[in-house]
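**Student:** below is the sequence, then the predicted model.
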Amino acid sequence: MAEIYEIANKMVVKGKGILAADESSGTIKKRFDTISVKSTENNRMNYRRILFETREAMENYISGVILFDETLRQSTENDKKLVDIINEAGSLPGIKVDMGAKELAMTNGETVTEGLDGLRERLNEYSDLGAKFAKWRAVIAISDEIPSTLCIEANSHALARYAALCQEAGIVPIIEPEVLMDGSHTIEKCYEVTKKTLEKVFDDLYKHRVDLKGICLKPNMVIDGKESLRKSSPEEIAQMTINCFKETVPPEVPGIVFLSGGQSEVEATENLNAINKIDGTPWNLSFSYGRALQASALKAWQGKSENENECSKAFAHRAKMNSLATIGKWSRDKDVQ
């Protein structure tokens, strides 16, 4: 397990975070649609290549990159593997292994994440292709009637089985139980559901003999629903989030990398900064952002080769801002390009 511990600690090293570039074919198409770019294999490769070749960001602020299956296997037009570009920057390649959230039978539209069938074999192949860590996302929605205990238990069980298989294959599992921001619920309701979910997840991880020193947790922040009439301050979000984790996350977990979950770029950075201003937490607290690291870069790129430099600059800026937030040193004044 020594190598797994080493990888887990490298993933959450202070001042760095994880780039989530594991958008599925459907999701990346939606992103490309916003800039009127066709989602071809070559366009997807080129966009991600620009990000991975941004040395300022990759060497200084990004500890690892979560990839989609296609990207893990891709090479540039010069036959250079994208995985090699990531490795050369001193960053770690990872892989999304779940098959998405599917409707959970006998529930009110709730979901369970699938992908356990054949996972042992896929993990061995991904390890051979260079993946050092993996990611599995569970989705927990909030409304007046949900989440049900069944939904939390089904997703937690799957996360634990996935994590055990990862460690068996020598791969660090990122555990991502996402309580969605969608809805009009209060921050108190988010706290309650997040607490219940994390308690169940860690109970199942123990049962499945997962070594907590060799995992990385990727949770939501405790935050108001997007349609909530009240919008909590970054300081309130930070305190509620830390309070929740102190009640649920064992101290041997090396690090927590937050998902952005629909927050804007600046919101995600500002809230992470407020979290890191709170002293006395046993974990490294960082980021694993997708849209909150890429939105400006994608807009700058517009699918044009002449915009590659602007795309890189936008990505490097957001990566640097989030790096500052991991040490509580970000400010709005610094976030002006």
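**Tutor:** Arrived safely, thanks for sending.

**Student:** so which residue is smack in the middle of this protein?
**Tutor:** Central residue of the chain (Cα atoms, centre = their mean): Ser288, 3.8 Å from the mean position.

**Student:** could you confirm that residue falls within a strand?
**Tutor:** Yes: counting by DSSP: H, G, I helix; E, B strand; the rest coil, Ser288 is part of a strand.

**Student:** what's Ile28 in contact with, if anything?
**Tutor:** 39, 44, 68 (Cβ atoms under 8 Å, 6 or more residues apart in numbering). Yep, even glycine has a C-beta here, placed from its N, CA and C like the rest.

**Student:** switch to 10 Å and redo it
**Tutor:** 21-22, 39, 43-44, 47-48, 68, 70-71, 298 (Cβ atoms under 10 Å, 6 or more residues apart in numbering).

**Student:** narrow those to those in strands?
**Tutor:** Among the contacts of Ile28, DSSP state E puts Ala21 in strands.

**Student:** can you list the contacts of Ile28 in CSV and add neighbour count and pLDDT?
**Tutor:** Shown next, in CSV, are those (neighbours: other Cβ atoms under 10 Å; pLDDT from 0 to 100):
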residue, neighbour count, pLDDT
Ala21, 24, 97
Asp22, 22, 96
Ser39, 17, 97
Asn43, 15, 96
Arg44, 23, 97
Tyr47, 24, 98
Arg48, 25, 98
Phe68, 19, 97
Glu70, 15, 96
Thr71, 24, 97
Leu298, 21, 97
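
**Student:** just for the stretch 201-337 of the chain, where's the confidence low?
**Tutor:** 337 (pLDDT under 70).

**Student:** so where do the strands sit in it?
**Tutor:** 216-217, 255-258, 284-289 (DSSP state E, counting those that start in this stretch).

**Student:** if we can go back for a sec, surely the residue nearest to the centre of the chain is in contact with Glu178?
**Tutor:** No: the pair Ser288 and Glu178 does not pass the contact test of Cβ atoms under 10 Å, sitting 11.1 Å apart.

**Student:** okay, and the common contacts of the two?
**Tutor:** Contact criterion Cβ under 10 Å, 6+ apart; residues shared by Ser288 and Glu178: 218-219, 259.

**Student:** save the strands of the stretch 201-337 of the chain as JSON lines, and put in distance to Thr76 too.
**Tutor:** Formatted as JSON lines, the strands of the stretch 201-337 of the chain follow (distance: least, Cβ to Cβ, whole Å):
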{"stretch": "strand 216-217", "distance to Thr76": "28"}
{"stretch": "strand 255-258", "distance to Thr76": "27"}
{"stretch": "strand 284-289", "distance to Thr76": "24"}
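
**Student:** which one of those strands lies closest to Asp203?
**Tutor:** Of all the strands of the stretch 201-337 of the chain, strand 216-217 sits nearest to Asp203, with 14.3 Å by Cβ to Cβ.

**Student:** how far out from the middle of the chain is the closest one?
**Tutor:** Centre-to-centre, strand 216-217 and its host chain are 9 Å apart (Cα atoms, centre = their mean, to the nearest Å).
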